[in-house]
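In: Provided below are the primary sequence and the corresponding predicted coordinates.
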Amino acid sequence: MSFLFYASAYNFLTSGSLEVGSVNVRSTTAIANPTSQYAFEGDAQRKRAERLYNIQRWTPMERRGHFAPTEEPVALACDIAAFFAR
């Protein structure tokens, strides 16, 4: 089940299309809420994310892992604080 979720999310982010059973959902507009991305190598590219989200802050991170934000909690907390301090 989790693989299906990740595959669907990746497909939606890269193509703007999400297939749920026999229904194909397309996003024609970006999400208007200001968004911050704590990006790790291998995550979606910024220009792809900007098609669907109102990216206000993009922070590339050097380390990564399966639960990368928990491996760098101080860096994550600082990034979240900086986003909301704007």
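Out: Sure, I can see it.
In: right, and the helix or strand after the lowest-mean-pLDDT helix or strand in the chain?
Out: Every helix and strand in the chain was compared by mean pLDDT, DSSP states H and E; the lowest is strand 23-26, with a mean of 56. Downstream of strand 23-26, the first helix or strand assigned by DSSP states H and E is strand 31-40.
In: for that following strand, what is the average pLDDT?
Out: Averaged across strand 31-40, the pLDDT comes to 84.
In: next, the buried residues of the helix or strand just after it.
Out: Using DSSP H and E, the helix or strand that directly follows strand 31-40 along the chain is helix 46-52. Under the neighbour-count criterion of 16 or more other CB atoms under 10 Å, helix 46-52 has 49, 52 buried. From N, CA and C alone the C-beta is placed, and that goes for glycine too.
In: what residues does the host helix or strand of Ile80 touch?
Out: Following DSSP H and E, the helix or strand that holds Ile80 is helix 73-85. Applying CB atoms under 8 Å, 6 or more residues apart in numbering, the contact partners of helix 73-85 are 36, 38, 56-57, 59, 61, 69.
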